[in-house]
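> Need a 3D model of the sequence below.
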Amino acid sequence: MRAGAKKTVTTAAPRKAPAKKATPKGAGVSHDGARQQLDAVSQVMKALATSSVDLDHVADMIVKAVMRLAGADSAAFMRRDPTGWVRAATQGMADLRKGARVDPGSQTLWARSALSGKRIHVSDTKLAKLKVPDAEHRRTRLAVPITRDRKSIGVIFVSRDDPGGFDKTTIALIETFADQLAVAMENARLLRETKDSLAQQTATADVLRTISRSAFDLDAILKTLVQRAAALCGADNATLNRIEGGTSMNVVSSTEEQLDPTPRQPTPGSATARMMKTGRSVHIHDIRDERAYQDQLDRVPRRFAQTRTILVVPLKRDDLIIGAFLLRRDRVEPFTDTEVRLVESFADQAIIAMENARLFNETKEALEQQTATAEILRAISGSPTDVQPVLDAIASSALRFCGAVDALLLVRDGDRLVGGAHHGPISAGSRTGSIPLDRDSPAGRSVLDGEPIHVPDMTVATEYDFGRRLSAQAGVRTVFAAPLMLHGKAIGTLVLRRTVVRPFTDGEMQLAGTFAAHAVIAIENVRLFNETKEALERQMAAGNVLDVISRSAFDIGPVLQTIAESSASLCRADHSVVWQREDDEWFYDASSGDWPSDAPSRGTRRRLAPEGGPSTIERAITARRSVHIPDVLTDDLLRPVDGATQTRTRLAVPILRDGEPIGVIQLGRRLMGPFSEREIELVESFAKQAAIAMENVRLFKETKESLERQTALGEILQV
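A predicted model of the protein is given here:
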């Protein structure tokens, strides 16, 4: 409502009013004048009753009535809205545009009245010597403020070309109209606020319905939020960005445009940069007035080239900024406080939706991880002797649950890493199927250091020359390698790869470490199972040999044949032969497997050179120890002799009695494959059993021969 205002009048000599104009100051009101006043008031009241929501219509009615009743040459109504002052209605001012924004800081009378909250009446601008625009043309002027809560919310301004002032009745009537305008403005404000509140509640309910229907479809919820924010706030464009690591990334837009998801560093001084620094909403009325934007106008996207007003509202979770609402207008029209609060409430709802989606995804991922772990454990229990199905399951699960494009499981084999399992479209590794075990690749370094290695972008990882070249060939950008640790030593590594620069999260890397631990368990279980199985087989073989020895105390043939068969079977040899010594000759009568076609036939006797020879059995006899040739083609002694041999790997173990060789166990493999230490130890144990058996037979024969000689001598003596 309008507060009581003191009247300020600057007067000059009264004059006779022209026809059809207000009576000069101090004169009475005629019957026709009173009737005109009643008609004007009636029209205004009718406008208030029938068009209470149309403030512009009421203002036009009042300005017309004031101009007619005051006999003025011009009249205007200035209204203040949340963003400034507006020329809401004019009469007799053809050169002034209705709806234009005006500056109350000028020297005009209406501005002075608005700033002071008092009525200003000037009978003659010349006599008053006022420094106001157009003082020569508009001699009589009146400005009546419209106030609410002691603050000016509008001004009725009337002027006349001739001097003389307005009479008390006219001024009182204009003040009445001012009071009526105050009522109309208050009603319009309340109605507008009610309408805005209803629209906001409707939008909020719509968003909540979307959240309830799409609790786990975050994109749909965020799309609804930005669309409602743009519509309710009259924005030409609204986007929601994700803030992470000091960068901003487009997520959804209120329009159907295709957004560029590339994370970008906000321009220093921009609204987004200020918001990220202060953690509060940032409102820029006109970006053309901002230096940070003036320097960037030639580089902004074409769709934002016309943007003038910007509002940025942060999305905060536990004081951490994780996103932002950006609203843009292509005109200079600042957002109201109500609109800012509305967008801030939408930001709160976006946080709730994002948090719900995060919790749901975490629960879902935890369930999926438990499912994957259960599958891996089932694979481990179902493959106690074969680790390959387990490694395949681990690589598949790592690919699926760690967000990788490709998963590669490498196992340590000497000085190289060989492929254990692979899932994904990327090439598994080098052309040979293995890579060197060195620090020139993330995989090799993770094994040597026993630590996880994370490379966000391989193209700039200058410390991995070999790995960078392999990645460039395969199109790999982001790599994570988790070592397979056993007793403090890495036995392999699990490598996850992506074709775009997207670093793995802490949760993904932790999960990859869990899968690597499962791989270690599987490999170790199979190793222990195989070792136990092999130990049992060796014990059974040794028991079998001992059983044959006990049953063939007088015949060495079955014992040596059993040893040949057992050594070939347990050591995965293609053939096995047991040689015996008889005087200065060597022969064999026990063999197993497919003996090479170029080998001597059974029973063949051969003499060995006293100084030894290049063959494995000659070396074993001469050295009186086991001789292992992993590859005949790389042996300087055998290569010239056996260049076209059918046996690539050979093993010869001497059978010793009192340090002297009495036999040799010889094993061979067609394909190159060195015998393991356990296999060599097994053959050496067979050689000891063969020595015992051969010694028993020798003693038996000697005892038998001695008994026969004694019997013959007894018979002779008896005769």
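> And stretch 310-320, how far out from the chain middle?
20 Å (CA atoms, centre = their mean, to the nearest Å).
> Pull out the buried residues from it.
By 16 or more other CB atoms under 10 Å, the buried positions in stretch 310-320 come out as Ile310, Leu311, Val312, Val313, Pro314, Leu315, Lys316. Where C-beta positions appear, they are placed from N, C-alpha and C, glycine not excepted.
> Provide the partner residues of the first one in its beta bridges.
When bridges are taken as DSSP bridges, the partners of Ile310 come out as Ile284, Arg328.
> residues contacting it?
Ala271, Val282, His283, Ile284, Ile287, Leu326, Leu327, Arg328, Arg329 (CB atoms under 8 Å, 6 or more residues apart in numbering).
> Export the residues you listed as TSV, with columns for distance to Ile156.
Formatted as TSV, the contacts of Ile310 follow (distance: CB to CB, whole Å):
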residue	distance to Ile156
Ala271	39
Val282	38
His283	32
Ile284	34
Ile287	36
Leu326	41
Leu327	35
Arg328	37
Arg329	31
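> Can you pick out the most distant pair from those?
The span of those, defined through CB to CB, is set by Val282 and Arg329 at 14.6 Å.
> hang on, Gln473 packs against Ser427?
Yes: with contacts counted by CB atoms under 8 Å, Gln473 reaches Ser427, the gap being 7.2 Å.
> what about the two, which has more around it?
Between Gln473 and Ser427, counted using other CB atoms under 10 Å, Ser427 has the larger neighbour count: 15 against 11.
> There's contact between the more buried one and Ser471 in this structure, I believe.
No: using CB under 8 Å, Ser427 makes no contact with Ser471, being 10.2 Å away.
> any idea how far Ser567 is from Glu684?
10 Å (CB to CB, to the nearest Å).
> typo on my end, it should be Phe480
46 Å.
> For those two, indicate the residue with more neighbours.
Each of Phe480 and Ser567 has its neighbours counted (other CB under 10 Å); Ser567 has more, 29 against 25.
> show me what contacts that one?
Ser567 touches Ala573, Ser576, Ser592, Ile665, Leu667, Leu682, Val683, Phe686, counting by CB under 8 Å, 6+ apart.
> Can you flag which of these belong to helices?
Among these, the ones falling in helices (DSSP state H) are Leu682, Val683, Phe686.
> any idea which of these has the most stuff around it?
Going by other CB under 10 Å, Phe686 tops the ones in helices among the contacts of Ser567 with 27 neighbours.
> dump the residue contacts of that one.
Ala541, Val545, Ile563, Ser566, Ser567, Val653, Ile665.
> and the fourth one, what helix or strand is that in?
What that stands for is Ser566. helix 556-570 (DSSP states H and E).
> And that helix, what's buried?
Applying 16+ other CB under 10 Å to helix 556-570 flags Ile556, Val559, Leu560, Gln561, Thr562, Ile563, Ala564, Glu565, Ser566, Ser567, Ala568, Leu570 as buried.
> do stretch 671-680 as well
By neighbour count on 16+ other CB under 10 Å, the buried set for stretch 671-680 is Phe675, Glu679, Ile680.
> Now do that stretch: everything it contacts.
Taking CB under 8 Å, 6+ apart as the rule, stretch 671-680 contacts 534, 570-573, 626, 628, 630-631, 648-649, 651, 653, 667, 669, 683.
> Pull the most distant pair out of the contacts of Ser567.
Ser592 and Leu682 (14.4 Å).
> From the chain's centre, how far out is stretch 453-464? Work that out for me.
Centre-to-centre, stretch 453-464 and its host chain are 18 Å apart (CA atoms, centre = their mean).
> Thought Asp583 was touching Arg605, still the case?
No: under the criterion of CB under 8 Å, Arg605 makes no contact with Asp583, lying 9.9 Å away.
> More neighbours: these two, which one.
Shown here are Arg605 and Asp583; by other CB under 10 Å, Arg605 has more neighbours (12 against 7).
> List the contacts of that one.
Glu582, Glu585, Trp586, Phe587.
> Among those residues, which lie within strands?
Glu582, Glu585, Trp586, Phe587 (DSSP state E).
> The first one: how many residues sit nearby?
When neighbours are defined as other CB under 10 Å, Glu582 has 10 of them.
> Kindly report the same for Ser116.
Ser116 has 15 nearby residues by other CB under 10 Å.
> Going by residue numbers, what spans are helices in the stretch 1-150 of the chain?
31-50, 55-70, 109-116, 125-128 (DSSP state H, counting those that start in this stretch).
> My error: substitute the stretch 251-400 of the chain in the last question.
Using DSSP H, counting those that start in this stretch, helices in the stretch 251-400 of the chain cover 271-278, 291-294, 337-382, 388-401.
> so which of those helices gets nearest Thr83?
Across these, closest to Thr83 is helix 337-382 (CB to CB), at 10.3 Å.
> Hey, what's the angle from the closest one to helix 388-401? Just curious.
180 degrees (axes from the mean of the first three to the mean of the last three CA atoms, to 10 degrees).
> Which stretch among the helices of the stretch 251-400 of the chain is buried most, on average?
Each of the helices of the stretch 251-400 of the chain was scored by mean neighbour count; the highest is helix 388-401, a mean of 22, by mean count of other CB atoms under 10 Å.
> Could you pull up the mean pLDDT of the next helix or strand after that one?
Going down the chain from helix 388-401, the next helix or strand is strand 406-413, by DSSP H and E. Strand 406-413 carries an average pLDDT of 90.
> Packing partners of strand 406-413?
helix 388-401, strand 416-423, strand 434-436, helix 442-449, strand 489-498 (3 or more CB pairs under 8 Å, 6 or more residues apart in numbering; DSSP states H and E).
> ok, 6 Å please
helix 388-401, strand 416-423, strand 489-498 (3 or more CB pairs under 6 Å, 6 or more residues apart in numbering; DSSP states H and E).
> if we can go back for a sec, for the contacts of Arg605, work out which two are farthest apart.
Every pair of the contacts of Arg605 checked by CB to CB; the farthest is Glu582 and Trp586, at 7.7 Å.
> what's near enough to touch Ala88?
Ala88 makes contact with Ala59, Phe77, Arg79 under the criterion CB atoms under 6 Å, 6 or more residues apart in numbering.
> what about the residue lying closest to the first one once chain neighbours are set aside, distance to Glu708?
Nearest-residue entry for Ala59: Ala89, 4.0 Å, with adjacent residues in sequence omitted and distances by CB to CB, 6 or more residues apart in numbering. Here the criterion is CB to CB. By it, Ala89 lies 148 Å from Glu708.
> Name the spans of the stretch 601-719 of the chain whose pLDDT lies under the cut-off.
Along the stretch 601-719 of the chain, the parts satisfying pLDDT under 70 run over 601-604, 608-612, 639-645.
> So which residues of it form helices?
Under DSSP H, counting those that start in this stretch, the stretch 601-719 of the chain gives helices at 616-623, 638-641, 677-718.
> So for Asp449, which of these sits nearest?
With CB to CB as the yardstick, what comes closest out of these is helix 677-718 (27.8 Å).
> Show the end-to-end separation of stretch 223-243, please.
Stretch 223-243 has an end-to-end distance of 17 Å (criterion: CA to CA, to the nearest Å).
> Which positions within that stretch qualify as buried?
223-230, 232-233, 235-243.
> In helices, which of those residues fall?
Per DSSP H, those map to helices at Lys223, Thr224, Leu225, Val226, Gln227, Arg228, Ala229, Ala230, Leu232.
> closest to Gln369 among the residues you listed?
Lys223 (29.6 Å).
> Is the closest one in contact with Ser254, as I believe?
No: applying CB atoms under 6 Å as the test, Lys223 and Ser254 come out as separate, 8.1 Å apart.
> how about low-confidence regions in the stretch 51-200 of the chain?
Along the stretch 51-200 of the chain, the model assigns pLDDT under 70 to residues 51-54, 94-96, 105-107, 129-137, 196-200.
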